[in-house]
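>>> show me the folded form of this:
(2 chains)
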Amino acid sequence: MIAELFAGVSTRARVLLVLLAVVMLAAPLVLDRYLVSVLILVCLAAYTGQAWNILLGFAGLLSLGHALYLGLAAYISAGLYVHFGIGPWLGVFPAVAVCVAVAALLGWLAFRFRIEGVYFALLTIAFAEVARIGFDHIGFTGGAGGFFLPVRSEDQGQWWNLRSGPTFFYYLALLLAAGAFLLCAVLRRSRLGHRWLAVREDPEAAQALGIHINRARMSALLLSAGMTGIAGVFQAFYANNLFPSQIFDISRSIDLILAPIIGGVGTLFGPILGAFVLAPLGEVLISITGAIGLNAPGTKALVFGLFLMAIIAGVPTGLWPRLASLLRLRSVGR
Amino acid sequence: MLSVENLDLFYGDAQALSGVSLDVPQGEIVAIVGANGAGKTSLIRAIGGMLRPARGAIRFRSRDIAGLPSSSVCDFGIGQVAEGRQIFPTLSVRENLLTGSLLPRARGRRAHNLERMFALFPILAERATQAAGTLSGGEQQMLAIARCLMGEPELIMFDEPSLGLAPAIVARVLEVIRELNRDGMTCMLVEQNVAASLRLANHAYVLENGAITLSGSGAELLADDRVRRSYLGM
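Model (predicted):
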C-alpha cells in the first residue's frame, strides 16, 4: 500500500520528502525548547489542517466550526483525567466518540434538510457557539472561569498521562501530522476518496454514477470530526488549561482552517506547507510586537487577515501548487 | 428490458410528466424526442432514481425500481450519460474513469475495465493524467461515456449527447452509440437532434408537455407529417 502511494511521485519529490522527515526527526536534538515548541504548533496545525481538508478539500463541505470538536474532546479527556483519574490514552476514545456523535447529529440535520454551501457553514458555527455558551455554564469543568489540569512535579515524566516534556509532545505531534498525511494520501486514492472527490466536483453527476451523496459527505464529516478530536486531547494536556471562550471560539475555528487554505485546499501537502508558514509567522509577530513594546492583541489576527487576502488575490489555489511546480514536483492531483 | 407505465412526476405543483408509458427492449436503441422542456430530462432522472415519481411503475428486468435511490438503480445496471457531460473538471481523466467503477457490480473489475476503456478510446489513454477540464468538448463526451461504461451498465440513458458539440463530433458520438449497441448495449437516447436520433433508433417516442403523443419505429416517425412539420422544419 505504501509503495503504491509513491507510484507516480517523482524521484525529486521522494528525496525531498525523506529529507523533510529526517530534518523533523532530528530537530529536537539541535533546537532549543522554544523552537521545539514552535515546531509543535507547526505539526499540530498541519494535523488539524489535514483533518479539516478532508471535509472541504476532498468532500466539498465548508466547516467554520471545527473548534467544536477540538473543544469537546479537550474538555472530555481533561474532565476524565481530573475527576476520574482516567488517562488521555484511554480518554481519547470517549472524547473522539462524542465528537463523532455530535458530527453525526450535525450531518443528519444538514443532509436530511438539504442544508448546503454557506448554510452548512453557518450550521457548523451555530453548533460551536452552542458548545461555547454551554461550557461557560458547566460547573463540572470550571465554567467560564476555565478548567485547569494539575501540573505537579511528581507527575513529570508520566508519558502515559501526557505529563512529559516538550520533546515528547513534539514527537507525538509529529506522529499525528505524519499519520494524517499518510492517511489522506491513502484516502485520496481509495474508493472512498473517489466518492468524496466526485461529490465535491459535481454532486449531481456523482449521483448519476450511483454514488450515495449523503453517505459520502457523512463519512468525511465523521472522520474529520474524529481526527480533530484527537488534536483536542493533545491540546488539553499540552496547554493544561481550557477556556470555553478560547477553545470553542470562532477565531479558533478560523485558526484551524488557515493552514490548508494558505497551503492549498484539496492538496495533500498544502496543510503542511501552510502550517510551516503560519505558525512561525505568528511567533515572529509576537516577538516583534514584544520587542517594540507594542500592546496590541489584535496584531496577529490583522496580519494573518492581510496575508490571507494576499494569498486569495495572488494564488487562490494556495501556495503548494505554485511551490510544487516551481520545484518541478507537480503531477495531476497532488 | 425497461418498461415505464403511467408515470406521473411533479415539481411541487407543476406536472412534469403525465401518464408516460414506454418500452425499451433489450438490444435496441430507443429515442425520446421532443422540444426543450417537454420532460425528457425529467424522465431520465425519474428512471435513474434521482427524482421520485408520484405515480406509476418503472420496471427493469421485471423488478419495480420506481422510487429507489440512484445508487441502487445504477447498481442494477442502468447507467446514464447526463446532459452537459458533467465530467469532473479538476480530476484527471483516469480519476474520472475510476469514479465510474464504484458500484458494487463493477468494483472488482475496475483495472480490467480501465484497460478496456483506454483501448476503446485511445485519446483518453493519451490524456490519462491530464485534468479532465482541459479536454475538448468531444473528448469530454467520450470521457463521460467511458466513465458510464466503467460501471458495466446493461442499459445506458443518453441525455442530449450531441448538445454543444461541433457537427463532425456529433457524428462521432452517435457512431460510438451505434457501435456500443452493435456490441449488445441497450440504449435510450434523449435528443433535440431529432433527425439524427430517429435515424439511429429502432423505436422512438415523441414527448410533448410531459406526455407521449406519438410513437413508432424511427423510420415511421421520420416519415410522419406531424414530426416533419414540428421537429424537422419541413
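
>>> I figured residue A:128 hits residue A:253, correct?
Yes - using Cβ atoms under 8 Å, residue A:128 makes contact with residue A:253 at a distance of 6.1 Å. For every residue, glycine as well, the C-beta is placed using N, CA and C.

>>> between the two, which one's more packed in?
The neighbour count for residue A:128 versus residue A:253, taken as other Cβ atoms under 10 Å in any protein chain shown, is higher for residue A:128 (27 against 23).

>>> list the contacts for the nearest residue to that one once chain neighbours are set aside?
Nearest non-adjacent residue to residue A:128, counting by Cβ to Cβ, 6 or more residues apart in numbering or on different chains: residue A:65, 3.6 Å away. Contacts of residue A:65 were listed using Cβ atoms under 8 Å, 6 or more residues apart in numbering or on different chains, and they are A:121, A:123, A:124, A:125, A:126, A:127, A:128, A:129, A:250, A:253.

>>> for the host helix or strand of residue A:284, name the packing helices and strands.
Using DSSP states H and E, residue A:284 maps to helix A:270-291. Packing partners of helix A:270-291 (3 or more Cβ pairs under 8 Å, 6 or more residues apart in numbering or on different chains; DSSP states H and E): helix A:33-53, helix A:166-188, helix A:250-263, helix A:299-314, helix A:319-326.

>>> who are the packing partners of the last one?
Contacts defined by 3+ Cβ pairs under 8 Å, 6+ apart place helix A:319-326 against helix A:250-263, helix A:270-291.

>>> for the record, mean pLDDT for it?
What helix A:319-326 shows for mean pLDDT is 88.

>>> how about that helix: buried residues?
Residues of helix A:319-326 classed as buried: A:319, A:320, A:321, A:323, A:324 (neighbour count, 16 or more other Cβ atoms under 10 Å in any protein chain shown).

>>> what's the answer for stretch B:37-57, then?
B:38-51, B:53-54, B:56.

>>> does the closest residue to chain B within the stretch 201-334 of chain A sit in a helix, a strand or a coil?
Nearest to chain B, among the residues of the stretch 201-334 of chain A, is residue A:210, at 2.8 Å (Cβ to the nearest Cβ). Judged by DSSP: H, G, I helix; E, B strand; the rest coil, the three-state class of residue A:210 is coil.

>>> which one is it nearest to, not counting chain neighbours?
Nearest residue to residue A:210 in three dimensions, chain neighbours excluded: residue B:74, at 2.8 Å (Cβ to Cβ, 6+ apart).

>>> OK, contacts around the residue of the stretch 201-334 of chain A closest to chain B?
Contacts for residue A:210 (Cβ under 8 Å, 6+ apart) come out as B:70, B:71, B:73, B:74, B:75, B:102, B:103, B:151.

>>> now do 10 Å
B:48-49, B:69-76, B:78-80, B:99-100, B:102-106, B:151, B:153 (Cβ atoms under 10 Å, 6 or more residues apart in numbering or on different chains).

>>> mind listing what's buried along whichever helix or strand residue B:147 is part of?
Residue B:147 is part of helix B:137-149 when elements are defined by DSSP H and E. Within helix B:137-149, the residues that count as buried by 16+ other Cβ under 10 Å are B:138, B:139, B:140, B:141, B:142, B:143, B:144, B:145, B:146, B:147, B:148, B:149.

>>> do that helix and chain A come into contact?
Yes - for helix B:137-149 and chain A, the contact criterion (Cβ under 10 Å from any Cβ of the partner chain) is met by B:144, B:147, B:148.

>>> on that earlier part again, the helices and strands packed on helix A:319-326 into TSV, with extra columns for mean pLDDT and distance to residue A:98?
As requested, the helices and strands packed on helix A:319-326 are arranged in TSV below (pLDDT from 0 to 100; distance: least, Cβ to Cβ, whole Å):
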stretch	mean pLDDT	distance to residue A:98
helix A:250-263	93	18
helix A:270-291	90	24
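
>>> could you identify which of the ones you listed is most buried?
With neighbours taken as mean count of other Cβ atoms under 10 Å in any protein chain shown, the helices and strands packed on helix A:319-326 reach their highest mean count in helix A:250-263, at a mean of 23.

>>> just want the angle from that helix to helix A:319-326.
20 degrees (axes from the mean of the first three to the mean of the last three Cα atoms, to 10 degrees).

>>> starting at the chain centroid, how far to helix A:250-263?
The chain centre lies 8 Å from the centre of helix A:250-263; the measure is Cα atoms, centre = their mean, to the nearest Å.

>>> is chain B within reach of it?
No - using Cβ under 10 Å from any Cβ, helix A:250-263 stays clear of chain B, coming no nearer than 16.1 Å.

>>> by contact count, what packs against the lengthiest helix in chain B?
What stands out as the longest helix in chain B, according to DSSP state H, is helix B:167-182. Under the contact criterion of 3 or more Cβ pairs under 10 Å, 6 or more residues apart in numbering or on different chains; DSSP states H and E, helix B:167-182 touches strand B:29-33, helix B:110-120, helix B:137-149, strand B:155-159, strand B:186-191, helix B:194-200.
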